[in-house]
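Chemist: here are the coordinates; sequence isn't available:
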Ligand code: ATP
Ligand code: MG
């Protein structure tokens with residue numbers, strides 16, 4: 001197999017922002033300048049020392065990986081990790097691997113596998129060195145992991161422990177107290193090998209014994225007190241079926257996965273910091289034994305993303321879905337990648353977010369408004385404008401028939417983008433009409449205006465944006481006193497864009513849609529899912545702070561260009577915010593829009 005060359009970056013043309021340095025970039029740059037990994041070979045697929053030995057030098061300067069467990073949908077925290085790992089590989093001439101960490105036989109599901117593949121692609125990344133390459137699977141390395149375990153036993157670095165789980169836990173000690181050696185610790189390698197093979201051959205019950213690394217029961221790092229590395233577990237694995245009844249522990253499997261894939265920089269979140277000594281210990285032993293190549297991958301930790309008003313625990317997100325607090329994993333209020341996508345987030349906005357928040361070594365909270373700001377920034381010059389009336393109130397132009405002609409409809413036009421990006425073709429203008437009756441927002445009329453109110457009230461004039469100047473004359477009410485229509489007169493010769501139209505000065509322009517060509521649309525107005533900025537911090541019951549008003553559905557009236565939206569198309573509803581035509585429910589016959597983000601930050605208030 002020939003070694004693949006790194007693929008050029010995708011989907012990054014629109015991202016033109018400075019990339020601040022960070023500690024991970026500095027580590028990589030140091031390794032590159034010292035040539036730490038320059039002599040690595042790559043046989044075109046993962047494998048042990050022998051597999052890579054005869055191959056050419058690795059054309060990838062670095063190798064990183066994103067190793068999700070396929071046990072749930074990815075969320076905004078994973079998006080940070082994806083952008084980080086794939087972004088570093090891209091920026092330094094490397095390759096990032098997508099690897100399913102599927103060593104736990106109980107938890108995997110193809111639904112999750114597919115959603116993870118989709119999410120990484122959608123974010124704009126290719127993996128494993130070629131477009132459409134298959135993701136790697138940790139379970140493909142079970143044979144090697146087993147062989148490595150036998151090697152550790154033979155070299156006196158591992159033993160089978162037949163103590164019960166409780167005995168082992170009690171003997172492990174704690175921070176202040178060193179552990180106590182197991183009575184099985186000094187078995188000979190030959191005895192251990194017999195027992196380990198018996199474990200593999202199904203001679204013992206689940207949980208009857210484990211294989212442990214033999215390191216140091218007095219280590220100040222509890223993870224180094226002879227950690228378990230293999231356990232007996234009778235479970236059918238989605239990839240290997242019933243081949244195995246013993247499975248490697250995560251802490252043992254992960255360094256091996258990295259090493260077989262010739263990963264150079266294994267980047268993970270801070271909770272794995274205490275595992276690093278074992279990561280290094282294991283790989284050093286296997287290099288000594290000639291099973292793996294030097295230099296080994298190195299683990300580097302960064303602080304996970306904590307975002308205000310958001311929870312990212314998979315278990316808690318699953319609970320929101322299961323108990324119907326949201327409509328599914330892709331509910332637009334969910335912080336999952338499918339949820340964010342349905343909400344109107346773009347890959348570029350999430351990449352921008354990941355760059356902007358950077359990486360650090362200490363935990364902190366990122367303000368949700370930072371995420372929203374990135375979406376606004378991305379959509380500002382991309383999302384076509386349109387007028388939508390979210391709380392419609394009818395306005396009747398009482399002199400229209402006399403001035404304009406009975407039932408006349410006057411064509412109007414406005415640009416799709418006020419500032420079209422340079423170098424791109426200017427999008428076609430929007431066309432709509434104005435007639436005797438138009439829809440306006442309820443709060444754009446006030447019978448008795450408060451001080452400073454500049455919109456419609458009896459005697460005041462405003463411009464209907466892209467249409468005419470009108471002067472309010474009053475309103476109509478029903479028997480209960482509710483306003484049913486606003487009355488106004490059109491000022492002739494003031495149509496936007498016609499000569500002399502600006503001679504009549506007004507203090508405000510309001511948005512509107514004509515009754516004649518407006519289209520009813522379902523608009524889903526989303527707000528934060530939780531009222532507490534740290535919904536699950538320090539063991540809080542996150543359900544207690546669910547926002548009862550996180551979704552409000554209104555029937556809006558939208559201009560014709562909006563009704564023709566394609567699913568997933570984003571718009572700026574003028575004066576309201578950015579909206580997306582729902583990916584699943586929107587049709588041109590029955591338009592459905594989701595609020596992606598308002599025009600201004602409302603989170604700080
Ligand atoms: P679990 O709780 O099921 O272990 P997890 O969030 O650790 O879930 P994984 O599928 O193991 O999920 O994660 C894949 C990768 O994403 C890991 O490398 C992990 O470090 C990273 N990751 C997960 N959550 C975050 C987060 N909030 N911020 C940054 N990276 C994250
Ligand atoms: Mg995990």
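Modeler: Happy to help now that I have it. Treat the numbers as computed from the prediction; the structure is a model and nothing was measured. Ligands and ions are numbered 1, 2, ... in the order given.
Chemist: Now do the same contact list for the closest residue to residue 358 other than its chain neighbours.
Modeler: Closest residue to residue 358 apart from its sequence neighbours, by CB to CB, 6 or more residues apart in numbering: residue 22 at 5.4 Å. Where you see a C-beta, it was placed from the backbone N, CA and C, and this is true even at glycine. Going by CB atoms under 8 Å, 6 or more residues apart in numbering, residue 22 touches 358-360.
Chemist: All the helices of the stretch 501-605 of the chain, in order from the start?
Modeler: 560-563 (DSSP state H, counting those that start in this stretch).
Chemist: how about low-confidence regions in it?
Modeler: Within the stretch 501-605 of the chain, the stretches with pLDDT under 70 are 602-605.
Chemist: and the residue of it nearest ligand 1?
Modeler: residue 536 (12.4 Å; CB to the nearest ligand atom).
Chemist: try the stretch 51-200 of the chain
Modeler: With CB to the nearest ligand atom as the measure, residue 77 is the residue of the stretch 51-200 of the chain nearest to ligand 1, at 2.2 Å.
Chemist: Provide the secondary structure category for that residue.
Modeler: helix (DSSP: H, G, I helix; E, B strand; the rest coil).
Chemist: Next, the contact list for it, please.
Modeler: 304-305, 307, 312.
Chemist: Farthest pair within those?
Modeler: 304 and 307 (10.2 Å; CB to CB).
Chemist: the more surrounded of the two?
Modeler: Between residue 304 and residue 307, counting by other CB atoms under 10 Å, residue 307 is the more crowded of the two (22 against 15).
Chemist: Got phi/psi on the more buried one?
Modeler: Dihedral pair for residue 307: phi -120, psi 130, per degrees, to the nearest 10.
Chemist: Tell me how many other residues crowd the closest residue in space to residue 545 that isn't next to it in sequence.
Modeler: Leaving aside its sequence neighbours, residue 545 sits nearest to residue 532 (CB to CB, 6+ apart; 3.7 Å). Using other CB under 10 Å, residue 532 has 17 other residues around it.
Chemist: Same question for residue 147.
Modeler: Around residue 147 there are 13 residues (other CB under 10 Å).
Chemist: distance of it from residue 260?
Modeler: 11 Å (CB to CB, to the nearest Å).
Chemist: again with residue 183
Modeler: For residue 183, the distance to residue 260 - CB to CB - is 34 Å.
Chemist: which of those two has more neighbours?
Modeler: Shown here are residue 183 and residue 260; by other CB under 10 Å, residue 260 has more neighbours (27 against 12).
Chemist: and ligand 1, which of the contacts of residue 77 contact it?
Modeler: Near ligand 1, judged by CB under 6 Å from any ligand atom, the entries from the contacts of residue 77 are 304-305, 312.
Chemist: any chance of those residues in JSON lines, with pLDDT and secondary structure too?
Modeler: Output for the ones next to ligand 1 among the contacts of residue 77, formatted as JSON lines (pLDDT from 0 to 100; DSSP: H, G, I helix; E, B strand; the rest coil):
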{"residue": "304", "pLDDT": "94", "secondary structure": "coil"}
{"residue": "305", "pLDDT": "94", "secondary structure": "coil"}
{"residue": "312", "pLDDT": "94", "secondary structure": "coil"}
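Chemist: just the residues you listed now: which is nearest residue 526?
Modeler: residue 312 (18.2 Å).
Chemist: Could you list which residues are in contact with that closest one?
Modeler: By CB under 8 Å, 6+ apart, the neighbours of residue 312 are 75-77, 304-306, 335.
Chemist: Residue 456 now?
Modeler: Neighbour list for residue 456: 395, 440, 444-446, 462, 472, 486, 488, 510 [criterion: CB under 8 Å, 6+ apart].
Chemist: Looking at it now. What's its pLDDT?
Modeler: What the model reports for residue 456 is a pLDDT of 98.
Chemist: what does residue 343 give?
Modeler: pLDDT, read off for residue 343, is 98.
Chemist: Can you give me the distance of it to residue 195?
Modeler: Distance from residue 343 to residue 195, by CB to CB: 54 Å.
Chemist: ditto for residue 82
Modeler: Separation of residue 82 from residue 195 (CB to CB): 42 Å.
Chemist: Same check on residue 546?
Modeler: Relative to residue 195, and taking CB to CB, residue 546 is found at 51 Å.
Chemist: who has more neighbours, those two?
Modeler: Comparing residue 546 with residue 195 by other CB under 10 Å, the one with more neighbours is residue 195, at 21 against 17.
Chemist: Let me know the secondary structure of the more buried one.
Modeler: Going by three-state DSSP: residue 195 is helix.
Chemist: Contacts only, for it.
Modeler: 160, 162, 187, 209 are the contacts of residue 195 under CB under 8 Å, 6+ apart.
Chemist: let's see it at 6 Å
Modeler: residue 160 (CB atoms under 6 Å, 6 or more residues apart in numbering).
Chemist: same check, this time on residue 382
Modeler: So residue 382 contacts nothing (CB under 6 Å, 6+ apart).
Chemist: Need the per-residue pLDDT for it.
Modeler: 95.
Chemist: Quick check: phi and psi at it.
Modeler: phi -110, psi -40.
Chemist: Next one: it relative to residue 597, how far apart?
Modeler: Remark: distance between residue 382 and residue 597 (CB to CB) = 13 Å.
Chemist: What residues does the stretch 251-400 of the chain have near ligand 1?
Modeler: 268-269, 304-305, 312, 314.
Chemist: Export those as CSV, with columns for distance to residue 281.
Modeler: Below are those laid out as CSV (distance: CB to CB, whole Å):
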residue, distance to residue 281
268, 17
269, 21
304, 25
305, 29
312, 31
314, 29
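Chemist: wait, which of those is closest to residue 415?
Modeler: residue 305 (37.7 Å).
Chemist: in this structure, what spans have low per-residue confidence?
Modeler: In the chain (pLDDT under 70), the answer is 1-19, 107-108, 602-605.
Chemist: Tell me how it divides into domains.
Modeler: 143-248, 386-517 (automatic domain parsing).
Chemist: Tell me how many other residues crowd the spatially closest residue to residue 158 that is not a sequence neighbour.
Modeler: Nearest non-adjacent residue to residue 158, counting by CB to CB, 6+ apart: residue 152, 3.8 Å away. Residue 152 has 27 neighbouring residues, counting by other CB under 10 Å.
Chemist: if I pick residue 561, what's in contact with it?
Modeler: 386, 430.
Chemist: separation between it and residue 599?
Modeler: 19 Å.
Chemist: do the same with residue 299
Modeler: 43 Å.
Chemist: So those two - more neighbours on which side?
Modeler: residue 299 (21 against 14).
Chemist: Next to ligand 1, which bits of this structure? Give me the list.
Modeler: Residues of the chain lying near ligand 1 (CB under 6 Å from any ligand atom): 67-69, 71, 77-78, 80-81, 268-269, 304-305, 312, 314.
Chemist: What subset of those is buried?
Modeler: Among the residues of the chain next to ligand 1, those buried by neighbour count (16 or more other CB atoms under 10 Å) are 67-69, 71, 77-78, 80-81, 268, 305, 312, 314.
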